[in-house]
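okay, structure incoming, though there's no sequence with it:
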């Protein structure tokens, strides 16, 4: 019987699912994922997690809860670092422990540390360790890691060409080609688990697209561009997601094709409070692009978000109009 | 004559204005919403219909505020606009050259930065209601001061006391403490105004370039204590426009006027809408685990609008079906 690996659709899912899925399938396992976030998942997440956690971490608990009965193993790696000399938020690091404490009736848990702080190739050994728990054939594991790496490269190239990560993965989705004729392009900056989870952000991307806006996100900015822009900072940013967000923001602020910038942050997120400030200050100094900061929390009331998005789009529209005449 | 109607249905107040052909504010009605927006809109329409001159043709209607969708459907609005754009439109046309708009309403507060008549930046209060009208209302009631007398009394302060304004709950306990210590009422009231202004500037106004002319509008602008606290904190003259409490509605009416001037006919249902039987109810959809709470609005028993569903299953599917 094939072993089923459950991967929750939360946290860094949208960044690494191509790698994870290809790897597990390469060693002969079947991958099951939790569905898109919905109210039931959120409610379970709120019930199971600690109060101090941010919304995306709470939601992640809900995803584990909804996945646990459908898999033989839950894959919640201890994400320490996914880039040399940088870290991921400490809540991710403790996530497997919090899950073990609070979620009852878990199947096997794969919580091997993913730590590339010292060097990138440490990842190989870490995935080899994961593979050995499921598959006895070292050649098969090695091949699966290689294939996963190649898939990841393809995925990254597609995303950097302007596709949204949640659309760039999976066999030929119909929405593949974004419509470049749409009237304005708005950059949405934020952690992937906030901007691609339409439940958490109350369908932000869909609302923008429905209004005829072309959307680009943090992930669409190539690593090289990001690094070029963050190198102007006084001090190195050691959070990978924060560095990417700031670099992407500075890139978009200088791109003539971008008509406005939306920064999405989670309420109570430590790194966001700083990166948000860095971005907002630069946006103000540059001063010619409408800028909106949205803070997400567990309220499902749409009114606040909708009012802000509408006002922001009015601002973008008026700004474009006055630039034309 | 020809005129335009603006509706602003907020959490605390419902405002209705009547603009003449030139876009000048002729009549306005300020009502308490009392948590029931439909009767409030109808009552407002009834009142304004008595104030509007005879043989007036309403050429356009605009709706704004958190209840704008509801109000828009009831009245048949031509334009349904968010509060930011509405407030900005009104102040930029009534106070030419305005560069900053401070707006404090019942449950939210906002700042709008305008440059050359165009919104350049804005912010609304996030998860904090400290510094809004509701809180002032509540504290005035607790101190047994009429909200109308609040501002005047606070101006009599000789040395305002320092109150923590970071959070409404802590501000209240701080105030109670100061009362028990024996501080004078005007000093406490003035201290409260200063605390709210401080909180507003640190929270909503954080990092914004507040340059003059500065306009202060929204219901709270009636409070003289708040005005003078803003003047002291910003060290700038604060302009309170004549229709400060209904500026959202004025803006909505102006936007409706712009809209129909391009030749569109109005969707206004007439003042008779005040007598129609509207009923709003909600139900939980069980189509998927999202369990959306869907709101359903019916007119004389026929469903005319639905909203609140994420997928559009209900809102896109409104036929004139009868509810049994």
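Happy to help now that I have it. Please read these numbers as outputs of a predicted model, since none were measured by experiment.

pick out the residue of chain A closest to chain B.
residue A:311 (3.5 Å; C-beta to the nearest C-beta). To be clear about C-beta, it is placed using only N, CA and C from the backbone, and glycine gets the same treatment.

what's near enough to touch that residue?
B:82, B:83, B:84, B:85, B:119, B:122 (C-beta atoms under 8 Å, 6 or more residues apart in numbering or on different chains).

check which helix or strand the closest residue to the last one other than its chain neighbours maps to.
Taking C-beta to C-beta, 6 or more residues apart in numbering or on different chains as the measure, residue B:122 lies nearest to residue B:112, with 4.7 Å between them; neighbours along the chain are not counted. Assignment of secondary structure by DSSP states H and E places residue B:112 within strand B:109-115.

now swap in residue B:202 and tell me
Going by DSSP H and E, residue B:202 is part of helix B:185-203.

quick check: buried residues in that helix?
B:186-201, B:203 (16 or more other C-beta atoms under 10 Å in any protein chain shown).

okay, now the unreliable bits of the chain?
Since no chain was named, I'll use chain A. Low-confidence segments of chain A, defined by pLDDT under 70: A:170-182, A:299-301, A:324-325.

wrong chain, I was asking about chain B
For chain B, applying pLDDT under 70 flags the ranges B:127-131, B:165, B:319-324.

give me the residue from it nearest chain A.
For chain B, C-beta to the nearest C-beta, closest residue to chain A: residue B:84, 3.5 Å.

that residue: neighbour count?
27 (other C-beta atoms under 10 Å in any protein chain shown).

helix/strand/coil for the residue lying closest to it once chain neighbours are set aside?
Using C-beta to C-beta, 6+ apart and skipping the chain neighbours, the partner closest in space to residue B:84 is residue A:311 (3.5 Å). Secondary structure, DSSP: H, G, I helix; E, B strand; the rest coil: residue A:311 is helix.

ok, back up a step: hmm, the helix holding residue B:202 touching chain A?
No - Helix B:185-203 does not reach chain A (C-beta under 8 Å from any C-beta of the partner chain); its nearest approach is 11.7 Å.

between that helix and strand B:109-115, how big is the angle?
60 degrees (axes from the mean of the first three to the mean of the last three C-alpha atoms, to 10 degrees).

which strands or helices does helix B:185-203 pack on?
Packing partners of helix B:185-203 (3 or more C-beta pairs under 8 Å, 6 or more residues apart in numbering or on different chains; DSSP states H and E): helix B:133-142, helix B:147-154, helix B:168-181, helix B:224-234.

the stretch 101-250 of chain B against chain A: which residues are in contact?
Within the stretch 101-250 of chain B, the positions near chain A by C-beta under 8 Å from any C-beta are B:116, B:118, B:119, B:120, B:121, B:122, B:123, B:124, B:126, B:127, B:207, B:209.

just the buried ones from those residues?
Using 16+ other C-beta under 10 Å, the buried ones in these are B:118, B:119, B:120, B:121, B:122, B:123, B:124.

kindly reformat the residues you listed as a markdown table containing secondary structure.
Shown next, in a markdown table, are these (three-state DSSP):
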| residue | secondary structure |
| --- | --- |
| B:118 | strand |
| B:119 | strand |
| B:120 | strand |
| B:121 | strand |
| B:122 | strand |
| B:123 | strand |
| B:124 | strand |
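
returning to that earlier point: show me the contacts for the residue of chain B closest to chain A.
A:307, A:308, A:310, A:311, A:314, B:110, B:112, B:119, B:122, B:124.

just residue B:102 next, same as before
B:111, B:200, B:205, B:214, B:215, B:216, B:217, B:230, B:238.

chain B contacts on chain A?
A:38-41, A:199, A:203, A:267, A:280-281, A:284, A:290-291, A:293, A:295, A:297, A:302-304, A:306-308, A:310-311, A:314-315, A:318-319, A:322.

so which of the residues you listed are in strands?
Judged by DSSP state E, strands contain the following of those: A:291, A:293, A:295.

and of the residues you listed, the nearest to residue B:97?
residue A:291 (23.3 Å; C-beta to C-beta).

what's opposite that closest one in the beta bridge?
Residues in a beta bridge with residue A:291, per DSSP bridges, are residue A:261.

okay, now it: neighbour count?
By other C-beta under 10 Å, the residues close to residue A:291 number 23.

what residues of stretch B:281-298 count as buried?
B:285, B:288, B:290, B:292, B:294, B:295, B:296, B:297, B:298.

with stretch B:204-213 instead?
Residues B:204, B:205, B:208, B:210, B:213 are the ones in stretch B:204-213 that count as buried (16+ other C-beta under 10 Å).

check the gap between residue A:214 and residue A:306 for me.
Counting by C-beta to C-beta, to the nearest Å, the gap from residue A:214 to residue A:306 is 20 Å.

show me what contacts the residue most central in space within chain A?
Geometric centre of chain A, nearest residue: residue A:192, 2.0 Å, by C-alpha atoms, centre = their mean. Contacts for residue A:192 (C-beta under 8 Å, 6+ apart) come out as A:12, A:14, A:15, A:165, A:218, A:219, A:241.

would CSV of the residues you listed with distance to residue A:25 be doable?
Putting the contacts of residue A:192 into CSV (distance: C-beta to C-beta, whole Å) gives the following:
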residue, distance to residue A:25
A:12, 19
A:14, 18
A:15, 18
A:165, 19
A:218, 28
A:219, 23
A:241, 27
